[in-house]
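>>> Need coordinates for the following:
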Amino acid sequence: RYGALYAGGLDAFACAMRHMKMRVAYVMAAERRRVRRAMLRHIWRPEYVFNTVREATQQMHEPLDWLSWTPPCPACSRGQMLGGPNGSKQRRRQRAQRAMRRAAKRLAAMAATTKPLIVTVEQVSDVETYFPSAWSAVRRTLDELPYRWQWCNVDGARLGAPTHRRRIAGVGVRTGASEA
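The predicted structure is shown next:
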């Protein structure tokens, strides 16, 4: 039983699971964009598609085996940090930190209600370079959850993707899940 917060994670992980010929029940996804919600319903057919992560957190109470989380990265992209008319670098850093912290708290709330055995996290690697305080806030929030975390840097080109897509990837296994 699989759920995804934000559609990017559902697409990537669901394709990988299909490639490995795993049988998976797509239980829920949260996506704000209307067109992506329609695509999710049509292609993956999850039981629940929510408009927002907040809505999913409030309404989703079924247990999950696996929850993937791809926090929104526009606020944390290199382009946001290096240019644009959106204020000073300091204000952009503060906005990114607030957005990432809010997203991490929503993941924590979802993990508390659905109690997945595994949580996977994926984010653009630029967040460590350009927004270190935002990323450390996320890591602190995740470290408070009852999961053991392993982190690595991944380049999609090494895994067969046609472009270099550098990402930070994390896998959290619920404490005590290996004994169950």
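
>>> Arg34 and Gln90, how far apart?
Using C-beta to C-beta, to the nearest Å, Arg34 is found at 34 Å from Gln90. Backbone N, C-alpha and C define where each C-beta goes, glycine included.

>>> Can you give me the pLDDT of Ala25?
pLDDT, Ala25: 69.

>>> ditto for Cys15
With respect to pLDDT, Cys15 has a value of 66.

>>> tell me which element Lys21 falls in.
Counting by DSSP states H and E, there is no helix or strand that carries Lys21.

>>> Let me see the contact set for it.
Contact criterion C-beta atoms under 8 Å, 6 or more residues apart in numbering gives no residues in contact with Lys21.

>>> Wait, a strand at Pro71?
No. Counting by DSSP: H, G, I helix; E, B strand; the rest coil, one finds Pro71 to be coil, located in no strand.

>>> Grab the nearest non-local neighbour of it.
Sequence neighbours aside, Ala103 is the residue nearest to Pro71 in space, at 4.1 Å (criterion: C-beta to C-beta, 6 or more residues apart in numbering).

>>> Neighbours of that neighbour, how many?
Ala103 sits with 24 neighbouring residues when counted by other C-beta atoms under 10 Å.
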